[in-house]
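> Show me how the following folds:
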Amino acid sequence: MKAKLGLLCALVLVVGLALAQKAWTAAQVIEFVDSQLKLKGDDRATAEYLRGIKLTEKLEARDVENLQGRGAGVRTLQALRKLTEDSAALPAAPPPPVPPPPTPPPSAAEQTAVLAAMREYALNYTKNLPNYMCVQTTRRRIDPTGRGYLPQGDTVQELLTFTDGKESYKVEAINGKSEANIKHEQLGGVVTSGEFGSMLFNIFDPDSGAQFHWDHWATLRGKLMYVFAYSVPQTKGYSMYHGESKREYTSAYEGLIYADVQSKIVMEIKMLTVGIPADFPIREVAIKLDYSPTKIADQEYVLPYHFELTSKETKAETSNQADYRLYQKFGAESAITFGEVEPIPEDQLKEQPAASPEKTSQKAVPAGKKK
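Numbering: from 1, shown residues only. Modelled structure (predicted):
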């Protein structure tokens with residue numbers, strides 16, 4: 001008896017939820033059909049659900065035509081046209097909210113001053129860093145484009161040491177298993193090195209021939225950013241080496257560079273190769289490098305935080321994502337412990353729209369080899 005009563009209550013609850021869903025706006029109907037199309041939902045089931053909807057406003061015929069163009073099925077369209085007829089006497093749906101006007105870019109004088117501050121910072125970046133160590137955890141994946149191959153991937157942990165302006169790597173573990181006799185260059189697949197300082201330097205080096213122009217405002221990890229677009233010609237471009245074919249090519253590249261509005265310090269760089277010849281095995285390389293304020297021996301520096309490299313090749317697409325943790329002064333007595341490292345949360349790596357910037361007391365890759 002209790003079981004039957006529980007079932008009856010559950011049925012009443014389901015009916016109540018169904019009734020609560022009956023009164024919909026035209027926008028809700030459109031959103032529902034679009035979601036069914038995206039999920040490849042059953043046409044008959046979608047139409048049946050729509051027959052139980054009661055609109056609170058007019059569904060326009062043009063909206064149904066738009067859904068037909070996006071792939072709505074025959075039965076779904078029949079149900080939508082019935083909703084259009086039944087709602088003809090209802091008030092029209094309110095117009096969509098007007099988006100706010102675009103935030104104006106900084107003045108030409110401010111842009112010039114910001115780029116000058118960014119250049120000075122970039123050209124002196126490595127000179128102002130201490131000697132340090134940290135753990136670099138790289139998650140690598142290879143997705144073949146041809147048949148007969150299986151996806152591959154691994155997780156590599158290395159001790160990254162930065163001394164006297166140069167980086168070195170010591171492989172400590174692969175897929176959680178300690179490795180003592182494999183060098184960084186012997187890892188196979190896509191390996192990179194030397195990006196942290198060279199990306200900044202090569203973009204802003206006066207000899208690079210880079211061109212800059214304003215792109216947009218953005219928010220990154222809660223901080224307002226200037227975002228400039230840049231392009232670097234092939235003569236000072238990104239050098240790639242394809243091991244299997246033993247071919248090398250230097251590509252022009254372009255991208256975006258993000259700088260904190262307050263400090264003018266670069267916090268993110270995006271790069272994309274352009275103009276690679278069609279017969280070269282590597283079709284495209286994209287890089288994203290994030291920096292973040294980090295303390296070493298009680299002093300704060302802006303250091304690598306996250307690195308991504310994706311490469312599209314003839315036979316496969318590869319992806320490397322690296323995180324940097326456990327920074328400490330080089331030669332410190334405390335040992336670095338290698339263990340499982342959780343990836344950085346996605347919301348810490350994606351830019352957000354920027355609110356109107358308030359006036360404050362406003363303060364690549366290039367020659368590195370890809371193997």
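
> So which residues of the protein form strands?
Listed in chain order, the strands of the chain (DSSP state E) span residues 23-24, 54-55, 132-144, 152-163, 166-174, 177-178, 211-220, 223-232, 238-242, 247-260, 266-274, 282-296, 299-313, 316-329.

> Any chance of those strands in CSV with mean pLDDT as columns?
Shown next, in CSV, are those (pLDDT from 0 to 100):
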stretch, mean pLDDT
strand 23-24, 87
strand 54-55, 90
strand 132-144, 87
strand 152-163, 86
strand 166-174, 85
strand 177-178, 84
strand 211-220, 95
strand 223-232, 95
strand 238-242, 85
strand 247-260, 95
strand 266-274, 96
strand 282-296, 93
strand 299-313, 91
strand 316-329, 88
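
> tell me the domain ranges of this protein?
Domains of the chain are assigned by automatic domain parsing as 16-86, 108-348.

> List just the one of those that sits closest to Pro95.
Nearest of those to Pro95, taken as C-beta to C-beta: domain 16-86 at 11.2 Å. Where you see a C-beta, it was placed from the backbone N, CA and C, and this is true even at glycine.

> Save the domains of the chain as JSON lines, and put in distance to Pro96 and mean neighbour count too.
Shown next, in JSON lines, are these (distance: least, C-beta to C-beta, whole Å; neighbours: other C-beta atoms under 10 Å):
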{"stretch": "domain 16-86", "distance to Pro96": "8", "mean neighbour count": "16"}
{"stretch": "domain 108-348", "distance to Pro96": "22", "mean neighbour count": "16"}
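
> Let's have those domains in a markdown table, adding distance to Pro94.
As requested, those are exported to a markdown table (distance: least, C-beta to C-beta, whole Å):
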| stretch | distance to Pro94 |
| --- | --- |
| domain 16-86 | 8 |
| domain 108-348 | 29 |
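
> residue ranges with poor pLDDT in the stretch 1-150 of the chain?
Within the stretch 1-150 of the chain, the ranges that satisfy pLDDT under 70 run 1-22, 99-102, 145-150.

> again, only this time at 50
Confidence mapping of the stretch 1-150 of the chain against pLDDT under 50 gives the ranges 1-21.

> for it, what spans make up the helices?
With DSSP state H, counting those that start in this stretch, the ranges of helices along the stretch 1-150 of the chain come out as 2-20, 26-38, 43-50, 61-69, 74-86, 108-123.

> Could you export the ones you listed as a markdown table, including distance to Pro304?
Shown next, in a markdown table, are these (distance: least, C-beta to C-beta, whole Å):
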| stretch | distance to Pro304 |
| --- | --- |
| helix 2-20 | 49 |
| helix 26-38 | 37 |
| helix 43-50 | 48 |
| helix 61-69 | 46 |
| helix 74-86 | 50 |
| helix 108-123 | 14 |
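
> For Ala93, which of those is the nearest?
Here helix 26-38 is closest among the helices of the stretch 1-150 of the chain (C-beta to C-beta), at 4.5 Å.

> Could you name the helices and strands sitting against that closest one?
Judged by 3 or more C-beta pairs under 8 Å, 6 or more residues apart in numbering; DSSP states H and E, the packing partners of helix 26-38 are helix 43-50, helix 61-69, helix 74-86.

> and Glu308, which of those is closest to it?
With C-beta to C-beta as the criterion, Glu308 lies closest to helix 61-69 of the helices and strands packed on helix 26-38, at 35.7 Å.

> For that closest one, C-alpha coordinates in PDB please.
Provided in PDB are the C-alpha atoms of helix 61-69 (Å, rounded to 0.1, in the frame of the first residue of the first chain):
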ATOM      1  CA  ALA A  61       5.700  32.200 -39.400                       C
ATOM      2  CA  ARG A  62       9.200  33.400 -40.100                       C
ATOM      3  CA  ASP A  63      10.500  31.700 -37.000                       C
ATOM      4  CA  VAL A  64       9.000  28.400 -38.200                       C
ATOM      5  CA  GLU A  65      10.600  29.000 -41.600                       C
ATOM      6  CA  ASN A  66      14.000  29.600 -39.900                       C
ATOM      7  CA  LEU A  67      13.700  26.300 -38.000                       C
ATOM      8  CA  GLN A  68      12.800  24.500 -41.200                       C
ATOM      9  CA  GLY A  69      16.000  25.900 -42.700                       C
END
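
> which residues sit against stretch 43-54?
18, 21-24, 29, 32-33, 36, 73-76, 78-80, 82-83 (C-beta atoms under 8 Å, 6 or more residues apart in numbering).
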